[in-house]
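Q: let's see this in three dimensions:
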Amino acid sequence: MAGLFSRLSNLWTGFLSLWISDIEKEHPEIAYENAINGMIVKYNKLKNATAAIIRRREDIEERFSRATKELAQTEAELETAVATNQDDLALVLLQKKNQLTTEVTEGRAELEQSQKDADSAKSSLIQVQGEIKKLKGERDVMLAKMHSAQARIKIQEQLDGLSVDAEVKALDNVREHIKNTVASANLGKELSESSLDSRLNALKQQTGDVQAKAQLAELKAKKAAAQAAAAQKTM
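A: Numbering: from 1, shown residues only. Now for the predicted structure:
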């Protein structure tokens, strides 16, 4: 039964993860905010841990400094005890010196390690801080690109949705009407040119032209005869 509930829990978790993933795809700003907030939470935890490491380093520094001072004082007292032949005090101070020497040696190594730990923690803290800043910059750039792409898609959809069929059809009707009007005018002209009255008028005009040409020729001939007669008289 426990296995069944575990499988159902995993299945529900999977469905929930897919659902959240779909939402984040539709709203990427949510995904970025979730990622940034998650990193901020980790940063705060790391910051608290780093503060604890630094506090430990400071405690070690304080103990090391105190042991170093006490060792120096003990060594001075030991020299005085030896110089004044106070052997009983010298033995006690010698033991204390050995103990403090070991404590200082171990403290120095511990202090060096604590300093490395603090430096590493601060480096990690700065790195996470940089990643948060970098992620915020990426968010701004990517969301700006997405909004620009969405605007272009919206404009393209509006352009695709525009229909010019009605306008083209109206122009086609106008073009057809103009062509019909021109054809009707041409037909009227052709009928007029081929009618009987038109042909008679044309014939009359041709006849007038022939008569006028004959009269002109006659006038030219008379003028030429007159000129010839005048020329003979002058001889």
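Q: the host helix or strand of E29 - contacts with which helices or strands?
A: Of the helices and strands defined by DSSP states H and E, E29 is found in helix 28-83. With contacts taken as 3 or more Cβ pairs under 8 Å, 6 or more residues apart in numbering; DSSP states H and E, helix 28-83 sits against helix 2-26, helix 87-161. Just so you know, the C-beta spots here come from the backbone N, C-alpha and C atoms, and that holds for glycine as well.
Q: how close does L159 sit to R152?
A: According to Cβ to Cβ, to the nearest Å, L159 stands 10 Å off from R152.
Q: again, but for A224
A: Using Cβ to Cβ, we find A224 at a distance of 92 Å from R152.
Q: could you check how far the closest residue in space to P28 that isn't next to it in sequence is from K134?
A: Of all residues not flanking P28 in the chain, M146 sits nearest, at 6.3 Å (Cβ to Cβ, 6 or more residues apart in numbering). Relative to K134, M146 is positioned 18 Å away (Cβ to Cβ).
Q: cool, and E33?
A: According to Cβ to Cβ, E33 and K134 sit 15 Å apart.
Q: just I40 next, same as before
A: 13 Å.
Q: looking at these two, which is more packed in?
A: Neighbours were counted for I40 and for K134 using other Cβ atoms under 10 Å; I40 has more, 13 against 10.
Q: contacting residues around the more buried one?
A: I132 (Cβ atoms under 8 Å, 6 or more residues apart in numbering).
Q: can you check the one 3 residues further on too?
A: Contact criterion Cβ under 8 Å, 6+ apart gives 125, 128-129, 132 as the residues in contact with Y43.
Q: okay, it: pLDDT?
A: What the model reports for Y43 is a pLDDT of 92.
Q: show me how this structure divides into domains.
A: Listed by automatic domain parsing, the domain ranges of the chain are 11-162, 167-234.
Q: out of the ones you listed, deepest packed?
A: Highest mean neighbour count among those (mean count of other Cβ atoms under 10 Å): domain 11-162, with a mean of 13.
Q: how near is the residue nearest the centre of the chain to E106?
A: The centroid of the chain falls nearest to K145 when counting by Cα atoms, centre = their mean (2.5 Å). In this view, K145 and E106 are 58 Å apart by Cβ to Cβ.
Q: hmm, back to that, weakest of the domains of the chain in terms of mean pLDDT?
A: The weakest mean pLDDT among the domains of the chain belongs to domain 167-234, with a mean of 70.
Q: what distance do you get for the spatially closest residue to D117 that is not a sequence neighbour to L111?
A: Nearest non-adjacent residue to D117, counting by Cβ to Cβ, 6+ apart: I53, 5.2 Å away. Look at I53 and L111: by Cβ to Cβ, they are 13 Å apart.
Q: and E103, by the same measure?
A: 12 Å.
Q: check contacts around T74.
A: So T74 contacts 93, 96-97, 100 (Cβ under 8 Å, 6+ apart).
Q: which one of those residues sits closest to N186?
A: L100 (127.5 Å; Cβ to Cβ).
Q: distance-wise, check the closest one relative to T80.
A: Separation of L100 from T80 (Cβ to Cβ) stands at 16 Å.
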